[in-house]
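Peer 1: Sequence and predicted model, in that order:
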Amino acid sequence: MRRLGNLELAFVTLGAILVTYGWYWGGVTEARTSAYAMGTGSVVLGLFAAFNPGAVPAWSLFTVGAMWGMLATANAWNESAQDRTYGMFALFFAVAALLGVAADSEAFGDMTDYGLGALVIAVVMLLHFIAAALVPANKGFKALVGWVTLIGGAFLAFIGFAESIGSSIL
């Protein structure tokens, strides 16, 4: 088993943040208990982005991910996760992820694990935008988005661990 590289570690960290937030949005846990885990993960992700500026386009994706994680932490702490401002920031994160997918496909001619992870992030964040900004009163849709977020986060964490355990997604 090999050690996780920086990009893999960032995927595992972002996956953990998404699993935690999905667990909260799905209605399983309280907001304040989730906020601690998301805040810690967001700080780690922010440090990754700050000290790895050469990991482009990963740098921009994980920088936006760290900022989204901090906003999600603040919203979970204040129990205002349906805030339209949060929804707009989820849209920004989705756009950054889609740009990451495009850059990955252009750079390598085919989608890599990074591009697949960015695509998962884009889909999950587009759902967050819809749930928070467009239909904030729909609690059932929010719960569904929470469970999709949890599954997407687990998939991102798997992508991060895949190579170190001898598996390959693509």
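Peer 2: Cool, got the structure. If you're wondering where the values come from, they're calculated on a predicted model, not measured in any experiment. Residues are numbered from 1 along each chain as shown.
Peer 1: What is the neighbour count of the residue nearest to residue 17 when sequence neighbours are not counted?
Peer 2: Closest residue to residue 17 apart from its sequence neighbours, by C-beta to C-beta, 6 or more residues apart in numbering: residue 41 at 4.1 Å. Using the backbone N, CA and C atoms, a C-beta is placed for each residue, glycine as well. Residue neighbour count, defined by other C-beta atoms under 10 Å, stands at 25 for residue 41.
Peer 1: Roughly how far does residue 41 sit from residue 120?
Peer 2: Residue 41 sits 17 Å away from residue 120, going by C-beta to C-beta, to the nearest Å.
Peer 1: now do residue 132
Peer 2: 18 Å.
Peer 1: And stretch 5-21, what's buried?
Peer 2: 7-21 (16 or more other C-beta atoms under 10 Å).
Peer 1: Same question for stretch 42-50.
Peer 2: Those would be 42, 44-46, 48-49, for stretch 42-50 by 16+ other C-beta under 10 Å.
Peer 1: Low-confidence stretches in this structure?
Peer 2: The chain contains residues with pLDDT under 70 at 1-4, 53-59, 79-82, 107-108, 168-170.
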